[in-house]
Every structure is written in C-alpha cells, then in structure tokens.
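Asks: The amino acid sequence is not available; the structure is as follows:
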C-alpha cells in the first residue's frame, strides 16, 4: 500500500497535491452540510469559494500587470481555498460582515505577495498575513471552521500525504512537540481532563490544518533541517492559545507571521531570473541546461532550487519543479541536469523547447544534502540515473578548488548510454583520485566487454567493492525506489542512520 501511495505521490507535484487536498476538504464540508453534520448552507459554501476566488484572481491580475510578473494560478487557488476553509461562510444574518472580512482578506492575501516581498520573493504566508491585517483593521478574524471534529479525519489523512510528499517531518514534529507540550502542560495544571484537552487541541481546533498546510508553505520555510526545527518550535510556542503580549493574544496566523520573520532573516533572499545560455546532450534522453542569472547565487554543492516555468495549459503536475543545482559554485552560471521520459510533463515539454535567451524563474534555495565540513570524512556517493546531479556539483567543486577527499562513487544506470557527465567523472578520477564504480542493470543491452558491476546495488556489491564501507558516510540520490533499496542494503551492513544521507529529489516527473 505504501509503495502504491509513494508511486502516486511521485507523479504529482507538491503544489497540485495541496490544491487537491484543499478542494477535497471543501467538497467534504459541502457533503456534511447537506447531510446536516455541519451547520452551514451548501449555497453559502459555494458562494464563499466563488467570491474569494474571484477577488483573489482580480487582485492578483492587477498586481501582476503593475509589477510585470507572471500569474501563478496554482498559488492563487491554494491561497483562495485556504481562506475559504478558515473564514466562516456567509450566514443569512451577517452578509455584510462576511463580505468585508472575506473580501478584505482576499485582497491582502494577493497584495501581500507583491507588497511584502524582497527581490520578488514574498516574506509572509499570504493567507496568514491577510487574516492578521484584517483582524487589526476590521476587528474581525478567521474562525478556522475547518478545524472541527467532523473534518478531523480528512484533515489528518490529507495532511499525512502532504508531509510524506514534502519530507518535512522534522518541522511538524518540532511544532507539535512544543505546542502540545505547552497546551497539555498548562491545561492539566489548571485542572482540565486529559481527553478533553486532546479533543479541544487536536480534533476541534485549527492546529492540524494550520500545521499541515500553512506552516509547511515552501517559500516561507527555512532552507535547512536545523533552521526548520527552530522555526517549528518558535511557531509552536507562539501559537499556544494562552500566549499573549499585553492584551494581544497570539492566534495561529499571528504566530505564523512572526515565525515567517524569523524564516526570512535566516533564509536566502534570492529569486532569480535565469536566461538560457545553451543546452547540451550529456546522455540518452538527458540534457544539461546552462542559464545565466540576473544576480549572483551563493550556494553549497548539493542544494536545490524551485524552478518555475510559466506555460499555457499546464498538466496536473503544474508549472513548478524542484531540481538540484547541477553546476558548482565555482562555475559561471547555473546548471540544470534533466532526464526526459516518454510522456513527460508539460513542464518538461516546454523546458525542452526553450531557446537561448528564454527565461525561467528559480527561487527557494534549500537543502542539507551537502558535503561534510570535515574534509577527512570518507564518503560513498550512490547515484541512480539523473540523481548524479548533486554529485556532479560536488565533484566539479572539488576539482576547481583542488580539494582532496576520500570518495567512492557508485553510479547505477540501466544502459551504458544513460551514464551522464562522464567527462567530469573521468577528470575527477585523474585529478582527485576519485574511485568510480559504474553499475548497469539492463542485461539485454549490456556490452559484451563490460567490466563494471552488473545488477542492482545491494549489500554484497557494496561489501565486495568497498572493503572499508564501515568507515564511510553514505550519500544516496536517485529515484525513490533506488534510494529505498540502497538504504535497506546499508541497514543489512549495520550502517547506522547517522551515516546515511538521502537527497530530497522530487524532480523526476
């Protein structure tokens, strides 16, 4: 079952998954309202979604024209449906109050992406800052009506899928750890029942939806694991319902806005406009794209960027992708290595059609899949297919800086023609004494004179080719199935988890 879920998750982008999740919650609320399980009119839920989405679209369109920026429809709809799910639908007695609250919040949610931005990157979660501004300006706030017992099961199931997709368990655990510790500690101290606290804090509160959807928003999340843990803990502390500053009590949205300030302070501020320089074929159906940037990017080999390519009629995988930077910080320009598959996404189809001078946007530099600071650490780099890209960045960096490290590279591909960046790997063998172990898995196309390894990387192959494997750190990058298989092999060899690093590499769609 988990394999089926992972395969499905690998075929859909994170943003599209979140959008489907939000729309799904709205549809569940409509069914529950029709059945009398929830106290809302179906017409009110329909009108709420229509009104907020239209306002968001109009305001976003106006600001996009003024700022000469492309419209990101996925982001627009995600923000709109977050507002739909946290602002109580209009009731017969409060039409004007609803219209002022929802309209004002929708306006500010879109405007904040342009006004509260640095180098074209917004600072605050749009829905959170909109509700905060509305609360102070109109003395009206979101009720977070999605956080009710009837909706809890669906919030949790969808939230788990999101966390599994984006690999942000560290952020969620730090948030829930601090927040729930404070909540349970305080209310137990004042004499409340444990199960009542659990009911009020989890099943009948905003906490779960807030954490799964808004806290994890990529553009306002710190780039590394350590900083994400601090960010989650800080937001968890501030979101406790009894935390206040004078007469101002910290709501979830206010806690997130303050957390966003911390995240902005510790995160890279880049949003790059990249112009295509050229495209080079480096292997079977695999190409290296060179881009020139409008500003310098400081990064570590192995980190990744979010790439946005606006194009008409994007498919279900959307117009954004995460790709590891294939170039080294010592090289001029930004490199991107891409494998094209049959029936590629519309994103990749349009990427392949780019001409020199065409532009793509890159932002949200992040990632912990980087070389250890201690150059004496002995390493094994295990790559599968286009998963070689972070290692290409690392190896080119070591060549350029003439830094010697004890590294073994295991590089697995289906066929000989699939091996990418052979020129750089050959240069590294000569200049860095890099030991490269090539592995081919397709027996039918394997050359008769093949002297490399055959089959899949397993415990026996690692033991045979790397006698001192117990002394090494392992870095693994490639398709999800290959990464899982390699981890299982290392566990059989008693390699502990702190000696294994895997790349968050969702760029295969």
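Replies: Cool, got the structure. Keep in mind that what you see is a predicted model, and the values were worked out from it rather than measured.

Asks: The closest residue to residue 320 other than its chain neighbours: what's it in contact with?
Replies: The spatially closest residue to residue 320, leaving aside those adjacent along the chain, is residue 308, at 4.9 Å (C-beta to C-beta, 6 or more residues apart in numbering). Where C-beta positions appear, they are placed from N, C-alpha and C, glycine not excepted. Contacts here follow C-beta atoms under 8 Å, 6 or more residues apart in numbering; on that basis residue 308 touches 70, 72, 319, 320, 360, 361, 362, 363.

Asks: Do I have it right that the second one meets residue 311?
Replies: No: with contact defined as C-beta atoms under 8 Å, residue 72 and residue 311 do not form a contacting pair (11.8 Å).

Asks: Now list whatever residues contact both of the two.
Replies: Counting by C-beta under 8 Å, 6+ apart, the common neighbours of residue 72 and residue 311 are residue 319.

Asks: So if I had to pick from those two, which one is more boxed in?
Replies: For residue 72 versus residue 311, neighbours defined as other C-beta atoms under 10 Å are more numerous around residue 72 (20 against 14).

Asks: returning to that earlier point: the residue nearest to residue 320 pairs with what?
Replies: Beta-bridge partners for residue 308, by DSSP bridges, are residue 320, residue 361.

Asks: Give the residue spans of the stretch 1-150 of the chain that score low on pLDDT.
Replies: Filtered on pLDDT under 70, the stretch 1-150 of the chain yields the residue ranges 1-11, 92-93.

Asks: which residues of it fall in helices?
Replies: 2-10, 14-34, 42-67, 73-86, 95-115, 126-138, 149-166 (DSSP state H, counting those that start in this stretch).

Asks: for the spatially most central residue of the chain, what are its contacts?
Replies: In the chain, the centroid-proximal residue (C-alpha atoms, centre = their mean) is residue 166; its distance is 4.7 Å. Counting by C-beta under 8 Å, 6+ apart, residue 166 makes contact with 14, 216, 218.

Asks: could I get the helices of the stretch 1-150 of the chain as a markdown table with distance to residue 243?
Replies: As requested, those are exported to a markdown table (distance: least, C-beta to C-beta, whole Å):
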| stretch | distance to residue 243 |
| --- | --- |
| helix 2-10 | 35 |
| helix 14-34 | 27 |
| helix 42-67 | 29 |
| helix 73-86 | 20 |
| helix 95-115 | 23 |
| helix 126-138 | 15 |
| helix 149-166 | 23 |
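
Asks: for the longest strand anywhere in the chain, packing partners?
Replies: Assignment by DSSP state E gives strand 271-283 as the longest strand of the chain. Contact partners of strand 271-283 among helices and strands, from 3 or more C-beta pairs under 8 Å, 6 or more residues apart in numbering; DSSP states H and E: strand 286-293, strand 334-339, strand 359-366.

Asks: contacts for it?
Replies: Contacts of strand 271-283 (C-beta under 8 Å, 6+ apart): 119-121, 287-295, 297, 305, 333-334, 337, 339, 354-363, 417-421.

Asks: which regions of this structure sit below the pLDDT cut-off?
Replies: Checking the chain against pLDDT under 70 turns up 1-11, 92-93, 269, 316, 504-509.

Asks: Among the helices and strands packed on strand 271-283, which comes closest to residue 25?
Replies: Of all those, it is strand 359-366 that lies closest to residue 25, at 25.4 Å by C-beta to C-beta.

Asks: orientation of the closest one relative to strand 334-339 in degrees?
Replies: 100 degrees (axes from the mean of the first three to the mean of the last three C-alpha atoms, to 10 degrees).

Asks: got the angle between strand 359-366 and strand 271-283?
Replies: 100 degrees.

Asks: helix or strand right after strand 359-366?
Replies: Going down the chain from strand 359-366, the next helix or strand is strand 379-384, by DSSP states H and E.

Asks: Note down every partner strand of that next one and its orientation.
Replies: Here, using DSSP bridges, strand 379-384 pairs with strand 407-413 (parallel), strand 473-477 (parallel).

Asks: Tell me the helix or strand right after that strand.
Replies: Taking DSSP H and E, what comes next after strand 379-384 is helix 389-401.

Asks: buried residues in that following helix?
Replies: 389, 390, 391, 392, 393, 394, 395, 396, 397, 398, 399 (16 or more other C-beta atoms under 10 Å).

Asks: List the residues that contact the third one.
Replies: Applying C-beta under 8 Å, 6+ apart, one finds that residue 391 lies in contact with 302, 381, 383, 409, 475, 477.

Asks: Now compare the residues you listed and name the two farthest from each other.
Replies: Between any two of the contacts of residue 391 (C-beta to C-beta), the greatest distance is 13.7 Å, for 302 and 409.

Asks: before we move on, back to that, mind picking the one among the contacts of residue 308 that's closest to residue 239?
Replies: Distance to residue 239 across those (C-beta to C-beta) is lowest for residue 363, with 26.5 Å.

Asks: Ignoring the adjacent residues along the chain, who's closest to that closest one?
Replies: In space, and not counting its chain neighbours, residue 363 is closest to residue 271: 4.1 Å by C-beta to C-beta, 6+ apart.

Asks: do the same with residue 66
Replies: residue 114 (7.7 Å).

Asks: contacting residues around that neighbour?
Replies: Contacts of residue 114 (C-beta under 8 Å, 6+ apart): 63, 66, 67, 69, 122.

Asks: next one: residue 346
Replies: So residue 346 contacts 311, 313, 314, 315, 317 (C-beta under 8 Å, 6+ apart).

Asks: any chance of those in JSON lines, with distance to residue 40 and secondary structure too?
Replies: Listed next are the contacts of residue 346 as JSON lines, based on distance: C-beta to C-beta, whole Å; DSSP: H, G, I helix; E, B strand; the rest coil:
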{"residue": "311", "distance to residue 40": "38", "secondary structure": "coil"}
{"residue": "313", "distance to residue 40": "34", "secondary structure": "coil"}
{"residue": "314", "distance to residue 40": "32", "secondary structure": "coil"}
{"residue": "315", "distance to residue 40": "33", "secondary structure": "coil"}
{"residue": "317", "distance to residue 40": "33", "secondary structure": "coil"}
